[in-house]
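A.B. asks: Curious how this folds, go ahead:
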Amino acid sequence: MQSIVTVFLNVVVPVFAVVLIGYLVGPWLGLEVRTLSRVSYYIFMPAFVFDIISEAQVQATLVAQMTAYICAVYVACALLGFAVARALGRSAEVTAMYVLIAAFSNSGNFGLSLVKFRFGETALVPATIYFIILTLVGFVIGVAAASWARGGAWRAVLSVFKTPSLIAFVSAVFLNVTNVEMPLSVARVAGLLADAMIPVMLITLGVQLARVGRPQINSDVVISSAVRLLGGPILAAILAIPFGLSGLPQSTGIIQASMPAAVLTVIIAIEYDLVPGLVTTTVLFSTLASLVTVTLVLALI
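C.D. replies: Below you'll find the predicted structure:
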């Protein structure tokens with residue numbers, strides 16, 4: 001019990017405190033979610049990815065192993081969400097919502113900051129790799145599910161491969177593999193911008209959640225959140241065994257898989273008119289419920 005309390009106070013509370021600041025001061029200061037999210041998306045996040053990966057010392061075989069592992073985990077999560085919704089006799093739209101929530105976790109805002117507080121700076125390398133892969137997998141599965149339920153173009157999926165963070169990731173890997181030395185001024189600019197990413201993203205999350213209003217919680221909100229918050233880490237822990245992962249790659253993978261639903265699921269739901277009110281409520285509920293579930297996962301690892 002003491003370990004759980006310590007993790008809660010020293011790891012979880014600081015992250016939620018920053019989100020709460022955004023939640024409270026966002027409406028008061030009239031902060032624009034779109035401006036904050038675009039600055040994070042186009043500047044801070046790519047700088048963070050570039051700064052971490054360009055200096056990382058990770059074997060290519062391990063990266064491939066981690067990629068295969070986390071893809072398997074989230075495909076399994078999506079299948080679990082689909083199976084649960086079908087077992088409950090839900091409609092195609094609600095079934096797609098279950099899949100979307102299960103397959104798209106908040107591995108950026110929450111995952112990276114929690115991993116940093118729990119394991120330190122060294123754990124940000126595998127956590128960032130997982131974050132990039134999870135963003136790709138989440139968008140592909142999420143848009144595929146929405147398209148299955150509503151129909152629609154696949155341009156949103158293709159646009160994922162043009163995201164600034166992925167471009168920064170590929171550039172950083174190239175510099176890392178070729179041992180090209182960056183000018184000190186460039187490295188410092190990237191470092192300064194990278195340091196701003198986590199706090200700005202957490203503030204942005206708080207501002208976004210403040211716009212949800214009073215949630216209308218029903219059984220689908222609770223069950224789909226349980227699939228995301230409980231099914232994710234359980235599947236990640238099980239699948240780490242056949243993939244032979246241990247240490248930080250295993251621990252960070254389980255933590256990233258235990259994160260609540262990503263706010264980006266709301267964007268997909270709105271774009272495809274996929275029960276957006278239900279998706280938005282689930283994002284808020286799963287975020288609040290993760291106070292308990294994520295604390296337990298962090299304490300057990």
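A.B. asks: does residue 244 sit in a helix, a strand or a coil?
C.D. replies: coil (DSSP: H, G, I helix; E, B strand; the rest coil).
A.B. asks: Please tell me how far the closest residue to it other than its chain neighbours sits from residue 130.
C.D. replies: Of all residues beyond its chain neighbours, the one nearest residue 244 is residue 65 (7.2 Å), with distances taken as CB to CB, 6 or more residues apart in numbering. The C-beta positions use only the backbone N, C-alpha and C, and glycine is treated the same way. Going from residue 65 to residue 130 by CB to CB, to the nearest Å gives 12 Å.
A.B. asks: More neighbours: the two, which one.
C.D. replies: More crowded of residue 65 and residue 130, by other CB atoms under 10 Å: residue 130, with 29 against 15.
A.B. asks: so that one touches residue 71, yeah?
C.D. replies: No: contact between residue 130 and residue 71 fails when scored by CB atoms under 8 Å: they sit 10.3 Å apart.
A.B. asks: Buried residues in stretch 293-301, which are they?
C.D. replies: 293, 294, 295, 296, 297, 298, 299, 301 (16 or more other CB atoms under 10 Å).
A.B. asks: An error on my part: the question was meant for stretch 246-260.
C.D. replies: For stretch 246-260, burial by neighbour count (16+ other CB under 10 Å) applies to 248-260.
A.B. asks: what does stretch 226-241 give?
C.D. replies: Those buried within stretch 226-241 under the rule 16+ other CB under 10 Å are 227-237, 239-240.
A.B. asks: just stretch 198-218 next, same as before
C.D. replies: Neighbour-count burial for stretch 198-218 [16+ other CB under 10 Å]: 198, 200-210, 212, 215.
A.B. asks: Need the buried residues of stretch 226-241 in CSV (columns: secondary structure and pLDDT).
C.D. replies: Shown next, in CSV, are the buried residues of stretch 226-241 (DSSP: H, G, I helix; E, B strand; the rest coil; pLDDT from 0 to 100):
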residue, secondary structure, pLDDT
227, helix, 96
228, helix, 95
229, helix, 96
230, helix, 95
231, helix, 96
232, helix, 95
233, helix, 95
234, helix, 96
235, helix, 96
236, helix, 95
237, helix, 95
239, helix, 95
240, coil, 93
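A.B. asks: okay if I get the residues you listed as a markdown table plus distance to residue 185?
C.D. replies: Shown next, in a markdown table, are the buried residues of stretch 226-241 (distance: CB to CB, whole Å):
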| residue | distance to residue 185 |
| --- | --- |
| 227 | 47 |
| 228 | 42 |
| 229 | 43 |
| 230 | 47 |
| 231 | 46 |
| 232 | 41 |
| 233 | 41 |
| 234 | 46 |
| 235 | 44 |
| 236 | 40 |
| 237 | 43 |
| 239 | 43 |
| 240 | 41 |
